[in-house]
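>>> here are the coordinates; sequence isn't available:
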Ligand code: THU
């Protein structure tokens, strides 16, 4: 028997002034694109903005539905947009933020399980780690170097070939 361990490190910043300029710009876009979210049921408005390897930026916001399970998260809206507008181009950095009518937006959120799976597929298919910037409208900011860190024991396309 051998015991194995999975651990990862991530960076914690106290506020946006500590970020590199282009990371701060991306995060500000994610904070403001939350205004385009359609979230009348949860009142939780998520914004995701990616900087691609070709320098373009692509955004996504959560889009809810009266039939609740039909709603889609900001991250997967973004991935669909990126794959359609710039096929084959990898994502360098992805900033995710949120706003809410009901709770304070004062700490980072991280992608839900379904989005982690979708982000991992994108990372794998473009053969490039996606760097994540996670933050609320204010408060601490996390930077995680790859989606792989957020999904240990992932089921991937390797199993199907
Ligand atoms: N949501 C996202 O868009 N991204 C996440 O990472 C977490 C949750 C959305 C789904 C739903 O519209 C609302 O936030 C509340 O769960």
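Perfect, thanks for sending it. As the structure is a computational prediction, the values presented were derived from the model and not from experiment.
>>> Can you show me the helices along this protein?
Shown for the chain, the helices assigned by DSSP state H span residues 21-33, 74-85, 113-125.
>>> tell me the average confidence for the first one?
Just to be clear, that refers to helix 21-33. Predicted confidence along helix 21-33 averages 98 (mean pLDDT).
>>> and it, anywhere near the ligand?
No. Using Cβ under 6 Å from any ligand atom, helix 21-33 stays clear of the ligand, with a minimum separation of 11.4 Å. For every residue, glycine as well, the C-beta is placed using N, CA and C.
>>> buried stuff in that helix?
23-24, 26-27, 29-31, 33 (16 or more other Cβ atoms under 10 Å).
>>> what's that helix in contact with?
16-17, 19, 47-49, 51, 57, 59, 61, 93, 95-97, 99, 133, 135, 137, 141, 143 (Cβ atoms under 8 Å, 6 or more residues apart in numbering).
>>> so the residue nearest the centre of the chain bridges to which residues?
Nearest to the mean C-alpha position of the chain, counting by Cα atoms, centre = their mean, stands residue 96 at 4.7 Å. On the basis of DSSP bridges, residue 96 is bridged to residue 48, residue 134.
>>> near the ligand, which residues of the protein?
Neighbours of the ligand within the chain, by Cβ under 6 Å from any ligand atom: 39, 42, 44, 46, 62, 64, 71, 73-75, 109, 111-112, 115.
>>> And those residues, which is closest to residue 4?
Ranked by distance to residue 4 (Cβ to Cβ), the residues of the chain next to the ligand are led by residue 111 at 24.6 Å.
>>> Now for that closest one: which residues touch it?
Here residue 111 is in contact with 73, 75, 96, 119, 132, 150 (criterion: Cβ under 8 Å, 6+ apart).
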